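Q: structure for the following, please:
(one chain, ligands or ions: 1)
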Amino acid sequence: MPVPGDVTDPAWVRQVVGTVVETLGGLDVLVNNAGVGLRAPVARLSPDDLHRVLAVNLLGPLHCTQEVLPYFRRQGEGLVINISSLAGVLPVPFLGGYSASKHALVALFRCLRAELRADGVRVMLVHPGSVDTDFRRHALGLPYPERRRSSRVGADRVAEVVARAAEAGREEVFTAWSDRALLTVARVVPRLAERVLLRRYGPDPAEDR
Ligand SMILES: NC(=O)c1ccc[n+]([C@@H]2O[C@H](COP(=O)([O-])OP(=O)(O)OC[C@H]3O[C@@H](n4cnc5c(N)ncnc54)[C@H](OP(=O)(O)O)[C@@H]3O)[C@@H](O)[C@H]2O)c1
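A: Have a look, this model is predicted:
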């Protein structure tokens, strides 16, 4: 039952959650997937772009989650799935605003997970690296570099991994082994991970830094 709308609008979120419960008789899973990218050096990050990215990537999931929680709590179960990003667990240069929004999302929902454990409501965080969608084309700020990545996965692969992880009761989910490997490298040799990420998202020679 597709219902178009804007997750940054709390009134729409309230209305759509009410409609879903009324029409379908309940709610079991919320997937916070809506998101917008932003590529810009922090030195020239536009506050307006950052506001927009925080509104969609952080406040959107908060509005949606706060609306469904009373239903989940009442029934003593429910699952909130957040599509975060590898940029939510690794600071990615030239994606600073986006990375900040996803780091904030991760912190907020890890806190919520602990707060809800006693209520039987589960919170999952998904950290995809690069997914083959129009995300880069829709992003704000500078164009994303078109550097083809061997670790890029399809959206169907992400959906499959998430569905399996939900059934297995997992809380933190990666969608490619190489993303998890890069996170480990970042913990042990942070400057090496920084170099890899700069090569992926850093400026092209023609770009103004
Ligand atoms: N693609 C990647 O490489 C990648 C990597 C890591 C994480 N992610 C995350 O994956 C999630 C999905 O992104 P994607 O790759 O599928 O990108 P996408 O193709 O650009 O899709 C983004 C989706 O978010 C929706 N959306 C944007 N703003 C919205 C708003 N204010 N209210 C409601 N819906 C809104 C868009 O709807 P409309 O089309 O109607 O605007 C679209 O369906 C995002 O959270 C993104 O941060 C993506």
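Q: okay, and for this structure, where does confidence drop off?
A: For the chain, the stretches flagged by pLDDT under 70 are 148, 205-206, 208-209.
Q: show me what from it comes close to the ligand.
A: By the rule Cβ under 6 Å from any ligand atom, the part of the chain lying against the ligand is 6-8, 33-36, 56, 60, 83, 85, 128, 130-131, 133-135, 138. C-betas here are computed from N, CA, C, even on glycine.
Q: weed out the non-buried ones from these.
A: Among these, the ones that count as buried by 16 or more other Cβ atoms under 10 Å are 7-8, 33, 35-36, 56, 60, 83, 85, 128, 130-131, 135.
Q: neighbours around the residue nearest to residue 6 when sequence neighbours are not counted, how many?
A: Distance criterion Cβ to Cβ, 6 or more residues apart in numbering; nearest residue to residue 6, sequence neighbours excluded, is residue 12 at 5.8 Å. For residue 12, the neighbour count with other Cβ atoms under 10 Å is 15.
Q: show me the contacts for the nearest residue to residue 172 once chain neighbours are set aside.
A: Distances taken as Cβ to Cβ, 6+ apart place residue 125 nearest to residue 172, at 5.4 Å, with adjacent residues excluded. Contacts for residue 125 (Cβ atoms under 8 Å, 6 or more residues apart in numbering) come out as 82, 84, 88, 105-106, 109-110, 171-173.
Q: now residue 125: how far from residue 45?
A: 24 Å (Cβ to Cβ, to the nearest Å).
Q: so which of the contacts of residue 125 is the closest to residue 28?
A: Residue 28 lies nearest to residue 82 out of these, by Cβ to Cβ, at 15.9 Å.
Q: and the residue of the chain found nearest the ligand, helix, strand or coil?
A: Closest to the ligand within the chain is residue 35: 2.2 Å, counting by Cβ to the nearest ligand atom. Recorded secondary structure, residue 35: coil (DSSP: H, G, I helix; E, B strand; the rest coil).
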